[in-house]
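Novice: Could you look at this predicted model? Sequence included:
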Amino acid sequence: MITEVLVGFARTLRHAGVAAAPDRVQAMLACVDALDVNDTRAVYWAGRVTLCGEPDDLPVYDAAFAAYFGGRPPVRPRALPLNPVDLPRVSAPFVSGPPADGDDADTEPDVLGVSASPVETLRHRDVAALSAS
């Protein structure tokens, strides 16, 4: 009985736009089986961590869960802010290798940034040609 209810909920999520694929549904069923099925919070979190694959799924999941299990109409989720989060600017690039002349090797730069390496470390290789070592 509970399996049919949970599969029906997953079907509802798919119709709402959440990619609740069969493998995710199986994971949710396994989680609910390990938890107390009578605990609504446990069922909520088991479904949320297994059925939601991206942040955009979360408000849809919350509304569908409330409508499906709570008997309430879904609440329109609040719109996400349109402005991206201001990230701190990196003032010093990440430098690998020995320090330049005159630099103190024991001091670390105040800010480490991320940059591309001039040396490509990923190469196309035939795995069959590699040795065991």
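Specialist: Thanks, I have the structure now. Residues are numbered from 1 along each chain as shown.

Novice: only C-alpha atoms for contact and neighbour calcs from this point on.
Specialist: Will do.

Novice: Show me the shaky parts of this protein.
Specialist: 71-127 (pLDDT under 70).

Novice: which residues touch residue 68?
Specialist: With contacts defined as Cα atoms under 8 Å, 6 or more residues apart in numbering, residue 68 is in contact with residue 9.

Novice: Show me the helices in the protein, by range?
Specialist: According to DSSP state H, the chain carries its helices in the segments 2-16, 22-34, 40-51, 57-70.

Novice: Could I get the contacting residues of residue 20?
Specialist: With Cα under 8 Å, 6+ apart, residue 20 has these contacts: 10, 11, 13, 14, 51, 52.

Novice: Contact partners for residue 9?
Specialist: Residue 9 touches 65, 68, counting by Cα under 8 Å, 6+ apart.

Novice: quick one: it and residue 29, what's the gap?
Specialist: Look at residue 9 and residue 29: by Cα to Cα, to the nearest Å, they are 11 Å apart.

Novice: Surely residue 18 and residue 60 touch.
Specialist: Yes: the criterion here is Cα atoms under 8 Å, and residue 18 meets it with residue 60 at 7.4 Å.

Novice: gap between residue 53 and residue 16?
Specialist: 14 Å.

Novice: What is the end-to-end distance of stretch 47-66?
Specialist: 13 Å.

Novice: Also stretch 35-44?
Specialist: 11 Å.

Novice: Now it: buried residues?
Specialist: Neighbour counts using 16 or more other Cα atoms under 10 Å place 42, 43, 44 of stretch 35-44 among the buried residues.

Novice: go on, stretch 14-22?
Specialist: Applying 16+ other Cα under 10 Å to stretch 14-22 flags 18, 19, 20 as buried.

Novice: Columns distance to residue 64 on top of these, output as JSON lines?
Specialist: Shown next, in JSON lines, are the buried residues of stretch 14-22 (distance: Cα to Cα, whole Å):
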{"residue": "18", "distance to residue 64": "10"}
{"residue": "19", "distance to residue 64": "13"}
{"residue": "20", "distance to residue 64": "13"}
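
Novice: between these, which is closest to residue 1?
Specialist: Closest approach to residue 1 among the buried residues of stretch 14-22 (Cα to Cα): residue 20, at 19.8 Å.

Novice: For residue 133, see how far away the closest one is.
Specialist: Taking Cα to Cα, one finds residue 20 at 42 Å from residue 133.
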